[in-house]
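Colleague: Just the structure for this:
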Amino acid sequence: MRNRYLDVLRAVAIARVVIYHSTGWAALTIAVPAMSVMFAMAGSLMAASIDRSGPLAVERRMRRLLPSLWAIAGIAVPIMLLTGLDWNWRVFLWAMPVQDAPVNGWGAMVLNASWYLRDFLWFVLLSPLLLPVFRRFPRLAVAVPYAALAILELGDFTVHPILHDMALYGGAWLLGFAHHDGLLRRINRKILVGGAGLLAAVGAAWFLTHPGPRGYDLNDIPLGNALWSAAFILIALGFAPLATRARSNRLVTVLNARALTIYLWHVPIIVGVMWFAERHGLPTRGWDGFSWRIPVVVGLVAVAVMLFGWVEDFAAGRPPRLFPGGRPRSAPVSPAPALPPVPVAAAPGPGGSSSAA
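Modeller: Presented below is the predicted three-dimensional model:
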């Protein structure tokens, strides 16, 4: 049975990402630390997949992840090559982005969300090793990424972006393991709330005293982001019901079934809308700009879902659908074939013979 609570949480996270990139409102990163939430929920699903399939879960997760990337890369990469991108072997990283794949100027803008798939891929590849270690030393395993991030930030060390992101989002991924194993539910409620409150207080104290170039945008304040996000995840997943039978909502279903499509295509759409607005002198900031841009972005994202969302169905082994979540059509029922009439014997007539009427 699907847990509709988790579906709603994922839908809120992906909607928040789109609204944030459309508006740049830093407060949204505090209200819903969406990326950490998405990594935590992905960690929970990955642990469940490993329990079901063992190491084969890696192949299955990659099969679900990569086709949506290939769909957008199949369009963007040839255009980049035609507009100045140098051809070399690194172009093939778009097929398997274990490192940042090459981009040109405009490609860096429209494809900058691909870092999430890069990090996701690494977490998937490492999960068969991480899960046994986590189950043997759960508290220590969760603490290590946060400690590593604190060392990197306080010591002002420069490391590879992938290693930095492993420290930034690794704790969220492992908290997803804890959610799957039921460890968060077994924590005393007072201790859980108290621990989340302490993490939130320390995280808030950090980002309020260390604002980034965009103020209190948590994307620019990694340590504050990680601690604040950990508090959010502890509450959001620690109090998550085991399963819910709430009435299905079509929008929630679509956002979950098309999360990758929405995530990958919304940034190119936003960049294109901004380019169009600047070329034609339309307002882009303030309520005048948001009032027309957000509906246009949402409408174009819906078009992208219709054009490319079927790739996620294909990757998941589902029949392709324009919009998921509709009531399946009932197969037409063929009328039963007519049976030949059965002769009815008449009552015996005089002399004991039978006669038909």
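
Colleague: which residues in this structure form strands?
Modeller: With DSSP state E applied, the chain shows no strands anywhere along its length.

Colleague: biggest helix in it by residues?
Modeller: Determined from DSSP state H, the single longest helix within the chain is helix 56-82.

Colleague: Now do that helix: which elements does it pack against?
Modeller: With contacts taken as 3 or more C-beta pairs under 8 Å, 6 or more residues apart in numbering; DSSP states H and E, helix 56-82 sits against helix 34-53, helix 105-110, helix 115-136, helix 259-279, helix 286-308, helix 310-316. For glycine as for every other residue, the C-beta is placed from the backbone atoms N, C-alpha and C.

Colleague: Tell me what angle that helix forms with helix 286-308.
Modeller: In this structure, helix 56-82 runs at an angle of 110 degrees to helix 286-308, with axes from the mean of the first three to the mean of the last three C-alpha atoms, to 10 degrees as the basis.

Colleague: switch to numbering from 31
Modeller: With 31 as the first residue, the last one maps to helix 86-112.

Colleague: Kindly calculate the angle that helix 86-112 makes with helix 289-309.
Modeller: Here helix 86-112 runs at 20 degrees with respect to helix 289-309, directions being taken by the same axes, to 10 degrees.

Colleague: May I see the buried residues of helix 86-112?
Modeller: Residues 87-88, 90-92, 94-99, 101-103, 106-107, 110 are the ones in helix 86-112 that count as buried (16 or more other C-beta atoms under 10 Å).

Colleague: Repeat that for stretch 213-224.
Modeller: Going by 16+ other C-beta under 10 Å, stretch 213-224 has these buried residues: Leu213, Leu214, Arg215, Leu222, Val223.

Colleague: Could you list the low-confidence segments of the stretch 31-180 of the chain?
Modeller: Low-confidence segments of the stretch 31-180 of the chain (pLDDT under 70): 31-32.

Colleague: circling back: could you tell me how far the longest helix of the chain lies from the centre of the chain?
Modeller: Its chain's C-alpha centre lies 15 Å from the corresponding centre of helix 86-112 when counted by C-alpha atoms, centre = their mean, to the nearest Å.

Colleague: returning to that earlier point: could you say which of the helices and strands packed on helix 86-112 is packed most deeply?
Modeller: Most buried of those by mean neighbour count (mean count of other C-beta atoms under 10 Å) is helix 64-83; its value is a mean of 22.

Colleague: for it, packing partners?
Modeller: Other helices and strands packing on helix 64-83, by 3+ C-beta pairs under 8 Å, 6+ apart, are helix 34-53, helix 86-112, helix 145-166, helix 191-210, helix 252-268.

Colleague: relative orientation of it and helix 145-166 in degrees?
Modeller: Between the axis of helix 64-83 and that of helix 145-166 there is an angle of 60 degrees, by the same axes, to 10 degrees.

Colleague: Mind listing residues that contact helix 64-83?
Modeller: 36, 39-40, 42-44, 46-47, 50, 87, 90-91, 146, 149-150, 153-154, 157-158, 161, 199, 202-207, 209-211, 255-256, 259-260, 262-263, 266-267 (C-beta atoms under 8 Å, 6 or more residues apart in numbering).

Colleague: again, 7 Å this time
Modeller: Under the criterion C-beta atoms under 7 Å, 6 or more residues apart in numbering, residues 36, 39-40, 43, 46-47, 87, 90-91, 146, 150, 154, 157-158, 161, 199, 202-207, 209-211, 259, 262-263, 266-267 lie in contact with helix 64-83.
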